[in-house]
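**Q** need coordinates for the below:
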Amino acid sequence: MARNLCDALTKRVFNDPAQIAIQWKKDDRWIEFSYGELYDKIKALSSAFSTRYGIRRGEKIAIMLGNRPEWPIVFFAALFAGAIPVPADTKSSPREVANILSTSDCKIAFVERTCPPIGIRTVSVDSDEFGAVLSSPEEDAQGIKAVRDDDACIMYTSGATSTPKGVVLSHGNILSNIQSLYKLGFMKPGDGIISVLPLYHSYAMVVTTIGPIVYGGRVIYPGSIRSKEVITAIRQSRAALFVGVPLIFEMFHRTIQEELKKISAPLRFLTLSVAELLYMVRKTTGINLSRYFFYPIHRSFGNSIRVCLSGGTKLKENVERDLFKFGFTVLNGYGMTEASPVLSVNPFRNPKIGSVGLPIANVQFKIINKDEHGIGELLVRGPNVMKGYYKNEELTRLAIEDGWLKTKDYGYIDKDGHLFLTGRTTDTIVLGTGLKVNPEEIEKIYMQDAPIKDMCIFGASPSKGLNNTPVLWAIIIPDMNFLEKNGIKDPYYPIKSALEKVSKELSPEERLMGFSLTLDTLPQTPLGKIKRQEVKKLHSLGKIRQVCHPERKILTEKDIALLKSPGASKILHCLRTYTGINEIVPSDSFELDLGIDILARAELASELEERLNIKIAEEEINKIYTVGELITHAGRSIGASTPTS
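**A** Below is the predicted model:
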């Protein structure tokens, strides 16, 4: 058993240095690194940590990179040098970045060329200097001999507040989780695994990059999160495993449903009947005949994917069941950053729909304070449980008691040992991307400079947009006294403008996706705290009286001028088709008005390129907040592509 992650990597490299470790699609061509080449670059950078960058053992280094080969190179190089990597979100606002960097005591950050100043020394992995470092090792970096209990990395769960939580994971934590995952049998050395989820999340880091590299897999970075480019990468690389979150699988499910609607009613009925029959055969015998009957669907994905893993939050049962009916194997799992991160996975041979599976090897579950239905709070124990929260012993003591980690999840375990989750013990919202959001903290940020008397944020089914996973929704009580003193009778647009201003300072995943205004008093406890779950229930039943919602959108002079811009009408038509919303104006917000989230932005960029030949890079569309900004950006692209006479 390896003593640390460095030893585990070294053993794998010397086992077969010529094996392909990483494939990265960049500018429509594949770049490959063998294990030997990857190891040489890691050793070169590890040597430079002390000689060039002045990093000593135990010091923290930030990794602010997308999914690309330099991410694992920097990560392992830091470990070989005895430093501690701190992965961070490349799309975070300056405030979030500053919070994480200051809290973690990072000395240096490895970034991409487009990264703005962040207050500490940065090294661009796109620079000639960095390229020279990787190709010119100064000395053989054997690595500082870490033991299993030594710190391996610090993972931050959120940076939106002034005190983000840094989860300290040891070498032993991560190694134990990787070893337990590979004991499940569906991940094999040599398998290609698609890595599209952001690597600052522990789920993506361990399952799609660190784990495969340590166990001799082949990490595949498609170079984009756009579905068409990811599918092309799957086909070309012959990937065997795809790891995603419910939001991705729901998009895939919706695509299949839309294709079914295109065929005649009798044929659709026959197709669904056959799918149901073959699903029953699969449940009874374990034989997946649907994979062959629906071969055209699987062929469109390259026909190489053997297993899909879904984590971050629970996948809806109807989505999970339907994908199984069409021959896909989507295994629902469960985990948390504090557990390195995987705790359970549905078994490959006989998964239970709706369950998040059985505990992985060396992990124990315990349900406490059960009700009459056996539902209670879930505690977990195992070698994968974190060392604690960075520089926060009190929070660590509250989270871990006698070796048992409090998950803050409610659930029950059935007679076969399968775990079913039923809710949260706290108000924490788990989004479709797997991100956990503390609504009280987000409320404080939104209320700082807005004419709001009170607000309640909760996870709700979207009323607009393309996805059905929970989004952040707010019920807002306007500060009418303040507004009226300033001569404002209609609070809708002033509040919307204030929310949009704050949203630009938050990461895309933490932004509100909609809001309702009310003058009603919201349900409260005797101490004056809003009863969040009760408000959520009243909202879902339509029992909160909404006020001040405009029946028609207002066009300003600026809007009218934008509508005369080159390509404006085509862009609006594309947006109407893409979102299903008929009335769209330039002042509409991507999130608040159109329900376009982070993944939908990438898909929108693909639609604009395919329909209108307007190319917008993912990093560019992530900086566009309104329809008007999109029209302006596209106008520059159209102008630049127009030939001069």
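**Q** of all the residues in stretch 520-538, which ones are buried?
**A** Going by neighbour count (16 or more other CB atoms under 10 Å), the buried part of stretch 520-538 is 522, 530, 532, 535-536, 538. (Each C-beta comes from the backbone N, C-alpha and C, glycine too.)
**Q** stretch 456-463 now?
**A** 456-460, 462.
**Q** so which of the residues you listed comes closest to E510?
**A** For these, the closest approach to E510 (CB to CB) belongs to I457, at 10.3 Å.
**Q** doesn't A474 make contact with the closest one?
**A** Yes. In this structure, I457 is within contact of A474 by CB atoms under 8 Å, at 4.8 Å.
**Q** mind listing the shared neighbours of those two?
**A** By the contact definition CB atoms under 8 Å, 6 or more residues apart in numbering, I457 and A474 are jointly contacted by 443, 446, 512.
**Q** how about the first one, what does it touch?
**A** This points to E443. Residues near E443 by CB under 8 Å, 6+ apart: 455-457, 474.
**Q** can you put those in TSV and add secondary structure, pLDDT and distance to F110?
**A** TSV is the format used below for those (DSSP: H, G, I helix; E, B strand; the rest coil; pLDDT from 0 to 100; distance: CB to CB, whole Å):
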residue	secondary structure	pLDDT	distance to F110
M455	strand	95	38
C456	strand	95	40
I457	strand	95	34
A474	strand	95	36
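**Q** tell me how many other residues surround the closest residue to T157 other than its chain neighbours.
**A** Leaving aside its sequence neighbours, T157 sits nearest to K165 (CB to CB, 6 or more residues apart in numbering; 5.0 Å). Applying other CB atoms under 10 Å, we find 21 residues neighbouring K165.
**Q** tell me where the model's unsure across this structure.
**A** 1, 137-143, 158-163, 465-467, 551, 637-645 (pLDDT under 70).
**Q** give me the contact list for the longest helix belonging to it.
**A** Identified as the longest helix of the chain according to DSSP state H is helix 265-285. Contacting residues not belonging to helix 265-285 are listed as 260-261, 263, 287-290, 293-294, 321, 324-327 [CB under 8 Å, 6+ apart].
**Q** which of those count as buried?
**A** By neighbour count, with 16+ other CB under 10 Å, the contacts of helix 265-285 hold 288, 290, 293-294, 324-327 as buried.
**Q** farthest pair within the residues you listed?
**A** Across the buried ones among the contacts of helix 265-285 (CB to CB), the longest gap, 13.2 Å, separates F293 and F324.
**Q** between the contacts of helix 265-285, which sits nearest L197?
**A** F324 (21.9 Å).
**Q** C308 versus that closest one, what's the distance?
**A** Separation of F324 from C308 (CB to CB, to the nearest Å): 10 Å.
**Q** sorry, back to before: got the buried ones among the contacts of helix 265-285 as TSV, with distance to Q236 and secondary structure columns?
**A** Compiled in TSV, the buried ones among the contacts of helix 265-285 are given as follows (distance: CB to CB, whole Å; DSSP: H, G, I helix; E, B strand; the rest coil):
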residue	distance to Q236	secondary structure
N288	24	coil
S290	25	helix
F293	25	helix
F294	22	coil
F324	26	helix
K325	28	helix
F326	23	coil
G327	22	coil
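**Q** switch these over to CSV; also include distance to V219.
**A** Converted to CSV, these look like this (distance: CB to CB, whole Å):
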residue, distance to V219
N288, 26
S290, 29
F293, 32
F294, 29
F324, 27
K325, 31
F326, 27
G327, 26
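**Q** and which of those residues is nearest D427?
**A** F324 (32.8 Å).
**Q** I'd assumed I353 was in contact with that closest one.
**A** Yes. With contact defined as CB under 8 Å, F324 reaches I353; the gap is 7.2 Å.
**Q** what segments of the stretch 251-400 of the chain are helices?
**A** Taking DSSP state H, counting those that start in this stretch as the criterion, the stretch 251-400 of the chain contains helices spanning 265-285, 290-293, 295-300, 317-325, 393-399.
**Q** dump these into TSV; add distance to S135 as well.
**A** Formatted as TSV, these follow (distance: least, CB to CB, whole Å):
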stretch	distance to S135
helix 265-285	51
helix 290-293	44
helix 295-300	40
helix 317-325	44
helix 393-399	42
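**Q** burial of Q19, as a residue count?
**A** What Q19 shows, counting by other CB under 10 Å, is a neighbour count of 16.
**Q** that one touches G216, doesn't it?
**A** Yes. When contacts are counted by CB under 8 Å, Q19 is listed as touching G216 (6.6 Å).
**Q** what residues are shared contacts of the two?
**A** Common neighbours of Q19 and G216, using CB under 8 Å, 6+ apart, are 35, 190.
**Q** can you classify the residue sitting nearest the centre point of the chain as helix, strand or coil?
**A** By CA atoms, centre = their mean, the chain has its centre lying nearest to T433, at 4.3 Å. Look at T433: counting by DSSP: H, G, I helix; E, B strand; the rest coil, its state is coil.
**Q** can you tell me which residues contact it?
**A** Listed by CB under 8 Å, 6+ apart, the contact partners of T433 are 245, 247, 312, 469, 509, 598-599.
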